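Enquirer: Pasting the sequence and the predicted coordinates here, then a few questions.
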Amino acid sequence: MSRIAPLTALAVLIAAPVAEARDTARNSIDDYVIERAVIEAPNCEGPAFDDVRIEAFEKGVCQFHQPARSAAQLDRVLKLLNRAQVQGLPVVHQQLAGFLTGLAHCVNAERHLETFRGSGNADLTARDNFCAARMQSQAELNAMRWDFALFDYAEDLSVPNTLDTRLGEMASCYSGVLAPGFDAECGLITNITETELNVFVDEATDAVVQTYFAGVESPITAMFQRKRERAEGVLEMAEASIEGLKDGASAVNAEYTAYLSAYETERDAKMTPIYENYRESILRATAILDEFNRWKEGLFMTSDNVNLLPKIVERGVELTEELARVETDDYAARAGKLVNDVRAVVESEEEHRALIGQLCRVYFCELASRRRMIATQHVCRQPALTNNPLCLNAQGQMKSGDLQVNFDGEQRIGVADFCRAAGIDDVFLTVGLSPSTALTCMGQMP
């Protein structure tokens, strides 16, 4: 069963809250109602716990619902519920005990993870405690039999003491500490699935964040290493070109015009004779074939009985001489080199456009996606990135979204327009893409 399926199944099973009396439901396999008298009992003691068979169970339920639970209170909840399950419980009570135990372990895992992150990932004891609590939470929640989970809260209770609140906590666990992204943190190895692929992408994205936003070198996959090196080379050339253009843009334009004119002149001087010679050769060959056809039809002799064969032979000699001259002057090789030069210019523009498209996909489909938004926001809080227009603020939006450069005056262009010109579809030019859309976007990476 998937992690979403339990939520759907449980929602169906408890769609009609049970309204029977607590004494009737206590030992039934059909349902169980959590009543106000149990969860609001003073110090979780007193006459509310009048059934010795489920006393430990209901005291554990009471302790779980105390506000602002401390670590010690959570430990007491786990001890009471574990003891109750060992002593034996009805089916519905077992499911509720397992459900609350899984949520309690999840809270413990969140507390240990916060301690581990607060130590700069140096407190290995906190990491081990986090992994242990996470594993126990997964085991309890994955072992739930949702077809027997017919429990609910009494109708006179309100938020936070509602089943919807508990289901929301479970969903937060699955999207938080129980997310597959923490498997590697705890040394777990899974099958090659979409989850594992997402973990690989997350690792590569972390490396990109460190490289492009924090300036810290770290290992990344071969693909991103290659993209980074190419990007750095293009960046260095662009910076040098911009500095040169700042010092003398008009002079560069004038030189370019002069060079272009000289190039066109040289090109035309070489190409025009080649074309004319080729055209003349075709005309001569055509004339020879025409004469040959006439000879075949018996028209080789004129009406004046003049033999035209010597003229045909003469033209053949001329064609041979012209061919030899073309080969001696190496016109074919020069023309081929000219074609290669033109092709190199065209292909460099296409490669530059493809590189921009790849960088745009890395930004929108990974760094600014819903899955990586929190990590990117965390990096963007560094003082060095205060004025970075690409960084995400606390509302999940780019601080500016405009790229600007001083080139013949200040130039400005929106990031979306910049990436759209590189061929990125509008559907991907959005901050906060869903995981599936982000995966589709990265799948189209050239």
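Expert: Perfect, thanks for sending it. Computed from a predicted structure; not experimentally measured.
Enquirer: Now the one helix or strand residue 292 maps to: average pLDDT?
Expert: Assigned by DSSP states H and E, residue 292 belongs to helix 222-296. The average pLDDT for helix 222-296 rounds to 81.
Enquirer: Run through the neighbouring helices and strands of that helix.
Expert: Applying 3 or more CB pairs under 8 Å, 6 or more residues apart in numbering; DSSP states H and E, one finds that helix 222-296 contacts helix 194-209, helix 309-328, helix 331-362. C-beta coordinates here come from the backbone N, C-alpha and C atoms, glycine included.
Enquirer: and the second one with helix 331-362, angle?
Expert: For helix 309-328 against helix 331-362, the angle by axes from the mean of the first three to the mean of the last three CA atoms, to 10 degrees is 50 degrees.
Enquirer: Could you measure from the closest residue to residue 366 other than its chain neighbours over to residue 363?
Expert: Excluding the flanking residues, the one nearest residue 366 by CB to CB, 6 or more residues apart in numbering is residue 205, at 4.5 Å. Distance of residue 205 to residue 363, given as CB to CB, to the nearest Å: 10 Å.
Enquirer: Please tabulate the helices and strands packed on helix 222-296 in CSV, including the columns distance to residue 376 and mean neighbour count.
Expert: Below are the helices and strands packed on helix 222-296 laid out as CSV (distance: least, CB to CB, whole Å; neighbours: other CB atoms under 10 Å):
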stretch, distance to residue 376, mean neighbour count
helix 194-209, 6, 17
helix 309-328, 62, 12
helix 331-362, 11, 13
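Enquirer: a markdown table for those, including distance to residue 169?
Expert: Listed next are the helices and strands packed on helix 222-296 as a markdown table, based on distance: least, CB to CB, whole Å:
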| stretch | distance to residue 169 |
| --- | --- |
| helix 194-209 | 22 |
| helix 309-328 | 84 |
| helix 331-362 | 34 |
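Enquirer: any chance of these in a markdown table, plus distance to residue 251 and mean pLDDT?
Expert: A markdown table is the format used below for the helices and strands packed on helix 222-296 (distance: least, CB to CB, whole Å; pLDDT from 0 to 100):
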| stretch | distance to residue 251 | mean pLDDT |
| --- | --- | --- |
| helix 194-209 | 39 | 68 |
| helix 309-328 | 41 | 74 |
| helix 331-362 | 22 | 78 |
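Enquirer: do you know which of these lies nearest residue 33?
Expert: helix 194-209 (37.3 Å; CB to CB).
Enquirer: related to what we said a few turns ago, got the contact list for the residue nearest to residue 366?
Expert: With contacts defined as CB atoms under 8 Å, 6 or more residues apart in numbering, the neighbours of residue 205 are 362, 366, 367, 372, 375.
Enquirer: okay, stretch 89-104 in CSV with CA atoms only?
Expert: Taking C-alpha atoms only, stretch 89-104 is exported to CSV below (Å, rounded to 0.1, in the frame of the first residue of the first chain):
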residue,chain,number,x,y,z
LEU,A,89,-6.0,-5.2,23.2
PRO,A,90,-9.1,-5.5,21.0
VAL,A,91,-8.4,-5.0,17.3
VAL,A,92,-9.6,-1.4,17.1
HIS,A,93,-7.7,-0.4,20.2
GLN,A,94,-4.5,-2.0,18.8
GLN,A,95,-4.8,0.0,15.6
LEU,A,96,-5.3,3.3,17.6
ALA,A,97,-2.4,2.4,19.9
GLY,A,98,-0.2,1.8,16.8
PHE,A,99,-1.4,5.0,15.2
LEU,A,100,-0.6,7.2,18.2
THR,A,101,2.7,5.4,18.8
GLY,A,102,3.8,6.1,15.2
LEU,A,103,2.9,9.8,15.6
ALA,A,104,4.8,10.0,18.9
